[in-house]
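Participant: Requesting a structural model of the entry that follows:
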Amino acid sequence: MLDTVPVTLLTGFLGSGKTTLLRRVLRAVEFSDTAVVINELGEISIDHYLVDFVEGDVVELPSGCLCCTVREDLARTLRTLVERRDAGEIRRFRRIVIETSGLADPAPILFTLGTDPMLDQRLRLSRVVTMVDAVTAAATLDRFAEAARQAAVADTLVVSKTDLVPFGRDLATRLNALNPGAERIIGADATNPAEILFAGGGSMGPMLSPPAAAHSHGIAAFAVVLNGAVRRLDFARALGGLAQDRGYDLLRLKGLVAFSDRPDRPAVIQAAQHAIFTPQWLADWPDDDRRNRLVFIVHDISPEEILDHFAFASPSLLGPAMVPEHAVHA
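Facilitator: Model prediction:
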């Protein structure tokens, strides 16, 4: 049976410190079995990245990690990487990090991972990590919708450059409003930066109960509980219908659902835009909260429209919930 490879998506606006974090992590010999894909868009320069290399080639970094770039077809690059790994043509990596362009909207990248049949079977999304620059983040979030989307879809928000500007109340409030369920880490204080990228092992990670809220650029985050028994067919119809009707605005969905035919084995559910990922079955619930719950990150989709799609399960919104402004983990 072919194994599945965990994928971390590392995003963040221009100059937020993505490559600096990667360098810190890949220095460690225990992560030499990592493949790094740098997803550059347009004509943005890749000078001064991890290594000088020719576009399209897979090269071995001094740490032993593999690195390649892609400017057009991410799916083809990832498929080729996995095929060459299986054939023994390149080192057998155990994990992949995709570093996005600073101007990239991460939702289409998540969509790519979920819609390509080969990638959906061979790769599993482990986590989305977004770098947030403490110096410029407030202005950037106001000005650029891409920056707001990068923060909104994250499992983990890493605040960088706090040596120049402290992580203050204003930025904390902005991040609370934009993504109340994300773990937050002060990058400079992280004693083991690899845990930022690779901890979680495909589990849901932090899963709070955000209230329904509207944010800048029309982005909203809210959580829904599905009450009673949930049949797979009903769920597939509901989520599939939502993805079909409003896929472009469904930035990310993640949740835990125990279906009626497997009540003791909850499934990790993920979706992005029109793509619905293959469920990942857990051995047990990760905590004492055994409610079937879904966290939606959307653009201009009302909670009522979501509830209408899942009416078969008598859905209800979670809340109210607050994330303390000091809830930052190193």
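Participant: how distant is the strand or helix carrying Val25 from the center of its chain?
Facilitator: When elements are assigned from DSSP states H and E, Val25 belongs to helix 18-26. Centre-to-centre, helix 18-26 and its host chain are 17 Å apart (Cα atoms, centre = their mean, to the nearest Å).
Participant: continuing past that helix, what's the next helix or strand?
Facilitator: Following helix 18-26 toward the C-terminus (DSSP H and E): strand 34-39.
Participant: So which other helices or strands are in contact with the biggest helix by length in the chain?
Facilitator: Using DSSP state H, we find that the single longest helix of the chain is helix 232-246. Counting by 3 or more Cβ pairs under 8 Å, 6 or more residues apart in numbering; DSSP states H and E, the packing neighbours recorded for helix 232-246 are strand 250-257, strand 267-272, strand 275-276, helix 303-309. Where C-beta positions appear, they are placed from N, C-alpha and C, glycine not excepted.
Participant: So what's the gap between that helix and the chain middle?
Facilitator: Relative to the chain's own centre, helix 232-246 is displaced by 21 Å; criterion: Cα atoms, centre = their mean.
Participant: mean confidence score for it?
Facilitator: Throughout helix 232-246, pLDDT has a mean value of 95.
Participant: Could you do stretch 299-312 as well?
Facilitator: Per-residue scores along stretch 299-312 average to 94.
Participant: do the same with stretch 144-154
Facilitator: For stretch 144-154, the mean per-residue pLDDT is 92.
Participant: quick one: Ala152 and Gly218 touch, right?
Facilitator: No. At 10.6 Å, Ala152 does not count as touching Gly218 under the criterion of Cβ atoms under 8 Å.
Participant: Which one of the helices and strands packed on helix 232-246 lies nearest to Thr69?
Facilitator: strand 267-272 (22.4 Å; Cβ to Cβ).
Participant: Helices along the chain, start to end?
Facilitator: Under DSSP H, the chain gives helices at 18-26, 74-86, 106-115, 117-122, 137-143, 145-152, 169-178, 193-198, 232-246, 303-309.
Participant: In a markdown table, list these along with distance to Val257 and mean neighbour count.
Facilitator: Output for these, formatted as a markdown table (distance: least, Cβ to Cβ, whole Å; neighbours: other Cβ atoms under 10 Å):
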| stretch | distance to Val257 | mean neighbour count |
| --- | --- | --- |
| helix 18-26 | 32 | 20 |
| helix 74-86 | 27 | 17 |
| helix 106-115 | 17 | 21 |
| helix 117-122 | 18 | 15 |
| helix 137-143 | 32 | 18 |
| helix 145-152 | 22 | 25 |
| helix 169-178 | 25 | 18 |
| helix 193-198 | 25 | 20 |
| helix 232-246 | 7 | 16 |
| helix 303-309 | 14 | 16 |
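Participant: now those helices in a markdown table, with distance to Val7?
Facilitator: Converted to a markdown table, the helices of the chain look like this (distance: least, Cβ to Cβ, whole Å):
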| stretch | distance to Val7 |
| --- | --- |
| helix 18-26 | 14 |
| helix 74-86 | 8 |
| helix 106-115 | 7 |
| helix 117-122 | 9 |
| helix 137-143 | 25 |
| helix 145-152 | 17 |
| helix 169-178 | 23 |
| helix 193-198 | 11 |
| helix 232-246 | 20 |
| helix 303-309 | 26 |
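Participant: Compare these and give me the one nearest Asp289.
Facilitator: helix 232-246 (18.8 Å).
Participant: which residues are in contact with the closest one?
Facilitator: Applying Cβ atoms under 8 Å, 6 or more residues apart in numbering, the external contacts of helix 232-246 come out as 226, 250, 253, 257, 259-261, 269, 271, 273-276, 298, 301, 305-306, 309-310, 312-313.
Participant: May I see the helices and strands packed on helix 232-246 organised as CSV, with distance to Gly114 added?
Facilitator: Formatted as CSV, those follow (distance: least, Cβ to Cβ, whole Å):
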stretch, distance to Gly114
strand 250-257, 11
strand 267-272, 6
strand 275-276, 3
helix 303-309, 18
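Participant: which stretch among these comes nearest Arg79?
Facilitator: strand 275-276 (15.7 Å).
Participant: Direction included, what does the closest one pair up with?
Facilitator: strand 267-272 (antiparallel) (DSSP bridges).
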